[in-house]
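Student: Please work out how this folds:
(chains A and B)
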Number of protein chains: 2
Amino acid sequence: MRYRLYYWPEIQGRGEFIRLALEDAGADYVDVLRRSGNFSLPKDRTPFALPYLVAGRTVVSQTATILQYLGPRLGLAPKGEDGRLWVHQLQLTIADWLAEAHDTHHPIGSGLYYEEQRAEAKRRAADFLAARLPKFLHYFDRVLRRSAAGYLLGRACSYADLSLFQMVAGLRYAFPAGFGRLEGRHGRIIALHDRVAARPRIARYLASPRRLPFNRMDIFRHYPELDRPGKNPKKT
Amino acid sequence: MRYRLYYWPEIQGRGEFIRLALEDAGADYVDVLRRSGNFSLPKDRTPFALPYLVAGRTVVSQTATILQYLGPRLGLAPKGEDGRLWVHQLQLTIADWLAEAHDTHHPIGSGLYYEEQRAEAKRRAADFLAARLPKFLHYFDRVLRRSAAGYLLGRACSYADLSLFQMVAGLRYAFPAGFGRLEGRHGRIIALHDRVAARPRIARYLASPRRLPFNRMDIFRHYPELDRPGKNPKKT
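Tutor: Numbering: from 1, shown residues only, chains lettered A, B, ... in the order given. You can find the predicted model right below:
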């Protein structure tokens, strides 16, 4: 099966969570919009937004749904319903976390420029670093502690592990100070990041030109004025 | 099967999307925390947040995942993979929409009071009414136009239809002016709302004390200062 991924060609974005799964599995896929800017949306089942994946006659949108579809096919999710539900819950929690990371630089509107919402972004980022980031890290740390075998589900790497790797990579880029000072408390998460990065196909992918660099058009953005741990979000 | 739903007892919130499915199906369920404030989290597979559902030995969290689990069991989703993926994509788009509706009154931090972020909320709500709400309505309108049989998937009511009903009900409460002036352009969505409200078990549920009233502790909140269509979110 040749998969066709449709996503913005200049950014990692949400598409990166799909790319990591396809790359780790050595799947046959085309990153369509990086080859050509032309594309047409399917007429029925039009997705609300990119990314979407075409597999034969199947069209799937919503990042977490695409991963749920691909997971068992790529060997990145359990086959049984119970395990598939669990890994999907973890993925949706990562999706919530990612949306909050995005909103640190776009707290007012995704259609406005960052510069139009910088003041609000400072407060939102302060709240993210003080309250939300520790909560998400604590949660995934606890899941890893219970799994006790290095990956979220145990011994086998799932698509949620690849996504957690991407969260660490993105947060390190966006918040070197704010994330950096929490890393020491979450050794299990950092170890998972390193374990994923060392998987042979992922390591080759990360070293290839297919891995786009982080940049300020992307979901994870580094603005020094937003990376100030210790700021009190209550103060306006 | 007796289902046990765990959700905050004073609000509709995200739990309401689950309650509507259970009620429409006439399922045997207990809304646990409305009976007793005491509960313990499962030790493994601890959910990140409420709601979660217990069904025998299965514990499921994340609203959309719970609905995905319940859907085929309650006759509210297709049995085939293709149909299940499609209804789940629609549900995740509703989840995104709901999160944005929430953030109109909490654009800076969910742990802060509304009064601590009122100025930012005014701008975010203006952007929501001007840019985001029309986009979501347009999308679901298009899906309904293609289905051409009254429900999102065609003739059969799915959990996503129940959720779309809830979005309309909540948005009417929160934004009587801002949503009200868009209603006339989206007759298919309003007709779906009315069709769901008239389903016998839903009608009985809505008239019962089990249906909590909307209130200012909830996801959908009515603040007159946020319901001002025509405000320009670019102006600070």
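
Student: Output the contacting helices and strands for the helix or strand where A:Arg181 lies.
Tutor: Per DSSP states H and E: A:Arg181 is located in helix A:176-183. Here helix A:176-183 touches helix A:133-147, helix A:159-174, going by 3 or more Cβ pairs under 8 Å, 6 or more residues apart in numbering or on different chains; DSSP states H and E. Glycine gets a C-beta too; all of them are placed from N, C-alpha and C.

Student: right, and those - which one's nearest chain B?
Tutor: In terms of Cβ to the nearest Cβ, the element of the helices and strands packed on helix A:176-183 nearest to chain B is helix A:133-147, at 5.2 Å.

Student: does chain B sit close to the closest one?
Tutor: Yes: counting by Cβ under 8 Å from any Cβ of the partner chain, chain B has neighbours in helix A:133-147: A:Phe136, A:Tyr139, A:Arg142, A:Val143, A:Arg146.

Student: try stretch A:210-220
Tutor: No: Stretch A:210-220 does not reach chain B (Cβ under 8 Å from any Cβ); its nearest approach is 14.0 Å.

Student: Which positions in the helix or strand bottoming out on mean pLDDT in chain A come out as buried?
Tutor: Least confident element among the helices and strands of chain A, by mean pLDDT, DSSP states H and E: helix A:32-35 (a mean of 89). For helix A:32-35, the buried set under the neighbour-count rule, 16 or more other Cβ atoms under 10 Å in any protein chain shown, comprises A:Val32, A:Leu33.

Student: CA atoms only for the helix or strand just after it, dumped as PDB, please.
Tutor: Remark: after helix A:32-35, the chain's next helix or strand is strand A:52-55, criterion DSSP H and E. C-alpha atoms of strand A:52-55 as PDB (Å, rounded to 0.1, in the frame of the first residue of the first chain):
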ATOM      1  CA  TYR A  52      -5.200  14.000   5.600                       C
ATOM      2  CA  LEU A  53      -4.100  10.700   4.300                       C
ATOM      3  CA  VAL A  54      -5.200   8.800   1.300                       C
ATOM      4  CA  ALA A  55      -4.900   5.000   1.300                       C
END
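
Student: Tell me the helix or strand right after strand A:52-55.
Tutor: Downstream of strand A:52-55 (by DSSP H and E), the next one is strand A:58-61.

Student: Need the residues that contact that next one.
Tutor: For strand A:58-61, the surrounding residues in contact (Cβ atoms under 8 Å, 6 or more residues apart in numbering or on different chains) are A:42, A:45, A:47-53, A:66, A:69, B:82, B:85, B:89.

Student: Pull up the pairing partners for that strand, direction included.
Tutor: strand A:52-55 (antiparallel) (DSSP bridges).

Student: Quick one: mean pLDDT over the partner strand.
Tutor: Mean pLDDT, computed over strand A:52-55, is 94.

Student: Would you map out the domains in chain A?
Tutor: A:3-74, A:81-226 (automatic domain parsing).

Student: neighbours around A:Ala148, how many?
Tutor: 9 (other Cβ atoms under 10 Å in any protein chain shown).

Student: Between the helices and strands packed on helix A:176-183, which one is closest to A:Gly26.
Tutor: Closest to A:Gly26 of these is helix A:159-174 (Cβ to Cβ; 13.3 Å).

Student: and the closest one, is it in reach of chain B?
Tutor: No: interface with chain B: helix A:159-174 contributes nothing (Cβ under 8 Å from any Cβ), its closest point being 12.3 Å away.

Student: what pLDDT, on average, does that helix get?
Tutor: 98.

Student: so what secondary structure elements neighbour that helix?
Tutor: helix A:15-24, helix A:63-74, helix A:81-103, helix A:176-183, helix A:187-197.

Student: mind exporting it as PDB, just the C-alpha atoms?
Tutor: Taking Å, rounded to 0.1, in the frame of the first residue of the first chain, the C-alpha atoms of helix A:159-174 are listed here in PDB:
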ATOM      1  CA  TYR A 159       2.700   6.000  17.500                       C
ATOM      2  CA  ALA A 160       2.100   7.800  20.800                       C
ATOM      3  CA  ASP A 161       5.800   7.300  21.700                       C
ATOM      4  CA  LEU A 162       6.800   8.800  18.400                       C
ATOM      5  CA  SER A 163       4.500  11.700  19.200                       C
ATOM      6  CA  LEU A 164       5.800  12.200  22.700                       C
ATOM      7  CA  PHE A 165       9.300  12.300  21.100                       C
ATOM      8  CA  GLN A 166       8.100  15.100  18.900                       C
ATOM      9  CA  MET A 167       6.600  17.000  21.800                       C
ATOM     10  CA  VAL A 168       9.900  17.000  23.600                       C
ATOM     11  CA  ALA A 169      11.800  18.100  20.400                       C
ATOM     12  CA  GLY A 170       9.300  20.900  19.800                       C
ATOM     13  CA  LEU A 171       9.200  22.100  23.400                       C
ATOM     14  CA  ARG A 172      13.000  22.100  23.600                       C
ATOM     15  CA  TYR A 173      13.100  24.300  20.500                       C
ATOM     16  CA  ALA A 174      10.300  26.700  21.600                       C
END
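
Student: That one relative to helix A:15-24, how many degrees between them?
Tutor: 130 degrees (axes from the mean of the first three to the mean of the last three Cα atoms, to 10 degrees).

Student: Now do helix A:159-174 and helix A:187-197, the angle between them.
Tutor: 100 degrees.

Student: How far away from the center of its chain is helix A:159-174?
Tutor: 6 Å (Cα atoms, centre = their mean, to the nearest Å).

Student: do stretch A:64-83 as well
Tutor: Worked out by Cα atoms, centre = their mean, stretch A:64-83 lies 16 Å from the chain centre.

Student: What is the end-to-end distance of that stretch?
Tutor: Using Cα to Cα, to the nearest Å, the end-to-end distance of stretch A:64-83 comes to 15 Å.

Student: List the buried residues for that stretch?
Tutor: For stretch A:64-83, using 16+ other Cβ under 10 Å, the buried residues are A:64-71, A:74-78, A:83.

Student: Among those residues, which one lies nearest to chain B?
Tutor: A:Thr65 (5.1 Å).

Student: check contacts around that closest one.
Tutor: A:Thr65 sits in contact with B:Leu85, B:His88, B:Gln89, B:Leu92, where contact means Cβ under 8 Å, 6+ apart.
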